[in-house]
Structures are given as structure tokens and as C-alpha cells.
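In: Give me the fold of what follows.
(one chain, ligands or ions: 1)
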Amino acid sequence: MNSRSPAQVLSLADFAGDAARFIAAEARNAIASRGLFRLALAGGATPAVVYGELARIADLPWTKIQITFGDERCVPPEDSQSNFKMAKLSLFDAVGIPEGNIFRVRGEIDPEEAALEYEQKLAAVAARLGESRYIHDLVLLGLGPDGHTASLFPGSPSLEETTRNIIPTIGPKPPPQRITMTLPLLNAARHIAFMVDDNSKKGVIDEILGGHSRYPAAAVQPDAGQVTWLIGPGKK
Ligand code: 6PG
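Out: This next block holds a predicted model:
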């Protein structure tokens, strides 16, 4: 039984700016401690404003920041549904992050091949750092109205994966074919931050925080890490 610390809940008045400053502080701490910040980006629509504010924060050492993706839709990188494209437009194009620091999931190729390729990419870094599994400093996650997170959807076999870090999956949220980080990889992180700015998801959050939820997002409980909920005021 892990003695997991309870989740931290931060109500943000300025969702985009406050979340960006939270991420920047995590980056500075990780770089000061280990010389590198390993950050997994969330997909969907919510994060774009946060990434836009993150891009405006001065003096972040982007050469020391390594980017992965919690999930990706199986579409080409120039597709409007691509999580990579959303991050490129809101963040990467605005900061001088070296291309080699961005681990893009190749959504344009066969999903199983893309998952295996990504698994190997993370495994190579983990091996270099003496880790049995890639350890993120911070994983950003969104939350769906059905309690999904990344592309881990209710009732999906992907929730039962205990070995692989990256798998192809099918979800009810279009586009259906996706690649997702699994619970073992997410739960190896030092810090998880859910970002939600939508009052219609309050009931889902309350159930998860209540501690007896079967939502996929409730299964994100880092073995030795912290969970923080970054909650915005919600769209007016
Ligand atoms: C995706 C996301 C997904 C998203 C939630 C919330 O690729 O769709 O990873 O998990 O974070 O569905 O999406 P919104 O931020 O658009 O509400």
C-alpha cells in the first residue's frame, strides 16, 4: 500500500497565467535538481491557452526541457486534430526549443508501430538515466466529462495495461484511433497536474477527490509522486 499524499487542489483566478507559472516553477526546480525538466503535455482544447502563456514566460531554459505527449490522435502532425499541432502553434513555434527535445508521437503511421517506436524512444532515455521506466518530472493531463484522461477511456482494456508504457487504443472521443501513455507510465511520474477550466466537470472532479471513484482519471495515483488539480473559474 503506498502512502500516497493527498491531491493538492489549486483554484486559479487566472487559469492560463497561473497554470503557466506553476509549470515554469516545476521546470526551474527540476532543472536546478537534475539539470533537465521532463514534461508530458496534455492534449485537447483546454491546454492551448496555458501553453500560450508558458511561451511568454521569460528565461525558461528550453534547451533543458524535454517534451513528451500524454496521448496523440492517429492523424498527421499538420492535422487540426493533432495534439502536436496544437502544442506547436501555441508553444513550440514561440520558444527556441530544440527539435530534438520534442518527442513527437508519429500519428501518421500505423498505430502499433507508432506506439512501439515511442516506447523505444522513452526506454532509451530511461536506460541512459538508469531508470526501469521513464520518469516524468511533470505530466499535464486533461479531464473528459466521462472521467477519461489522456486517451484512457472508461471500460477500455487500456486501463488494464500493467507492462507497456505506450499503447494504441480506440476511444469514443473523435478521432477514435489514438496512442496513449498507460497508467504505469503516468504513475511513475514525480508530479501529475490535471488542468480543468470547465465547471461542467466539477462533479467528476469531486467524485475523484472523494477517493472512491472508478473514473480512469482516479486511477492516476503516482507511486511516489504528487497530484495537483489546477482548476480554473470555468468559461462564463
Ligand atoms: C485528447 C486529450 C483528452 C483531453 C480531454 C479534455 O487528446 O483529447 O488528451 O484527454 O485532455 O478530453 O479535453 P478538453 O480540454 O478539450 O475538454
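
In: which helices and strands does the longest helix seen in the chain pack with?
Out: Taking DSSP state H as the criterion, the chain has its longest helix at helix 15-34. Contact analysis of helix 15-34 by 3 or more CB pairs under 8 Å, 6 or more residues apart in numbering; DSSP states H and E lists strand 37-41, helix 47-56, strand 138-141, strand 191-196, strand 226-231 as its packing neighbours. In this view, the C-beta of every residue, glycine as well, is placed from N, C-alpha and C.

In: model confidence over that helix, on average?
Out: On average, the pLDDT along helix 15-34 is 98.

In: Likewise for stretch 184-199?
Out: On average, stretch 184-199 scores 98.

In: to the chain's geometric centre, what's the distance from that stretch?
Out: Mean-position distance between stretch 184-199 and its chain equals 6 Å (CA atoms, centre = their mean, to the nearest Å).

In: Would you mind writing the CA trace of it as CSV?
Out: Only the C-alpha atoms of stretch 184-199 are listed here, as CSV (Å, rounded to 0.1, in the frame of the first residue of the first chain):
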residue,chain,number,x,y,z
PRO,A,184,2.2,2.5,-15.2
LEU,A,185,4.0,5.3,-17.1
LEU,A,186,1.8,8.1,-15.7
ASN,A,187,2.1,6.7,-12.2
ALA,A,188,5.9,6.7,-12.4
ALA,A,189,5.9,10.5,-12.6
ARG,A,190,7.1,12.8,-9.9
HIS,A,191,4.2,15.1,-10.4
ILE,A,192,0.9,15.0,-12.1
ALA,A,193,-1.1,18.1,-12.8
PHE,A,194,-4.7,18.0,-14.1
MET,A,195,-5.8,21.2,-15.8
VAL,A,196,-9.5,21.8,-15.9
ASP,A,197,-11.3,25.1,-16.7
ASP,A,198,-14.9,23.9,-17.2
ASN,A,199,-17.4,23.9,-14.4
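
In: quick one: the nearest residue to residue 15 once chain neighbours are set aside and residue 10, what's the gap?
Out: Leaving aside its sequence neighbours, residue 15 sits nearest to residue 232 (CB to CB, 6 or more residues apart in numbering; 2.9 Å). Applying CB to CB, to the nearest Å, the value for residue 232 to residue 10 is 10 Å.

In: Including distance to the ligand, could the helices and strands packed on helix 15-34 go into a markdown table?
Out: Output for these, formatted as a markdown table (distance: least, CB to the nearest ligand atom, whole Å):
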| stretch | distance to the ligand |
| --- | --- |
| strand 37-41 | 9 |
| helix 47-56 | 7 |
| strand 138-141 | 7 |
| strand 191-196 | 8 |
| strand 226-231 | 12 |
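
In: Fine by me, we can end here.
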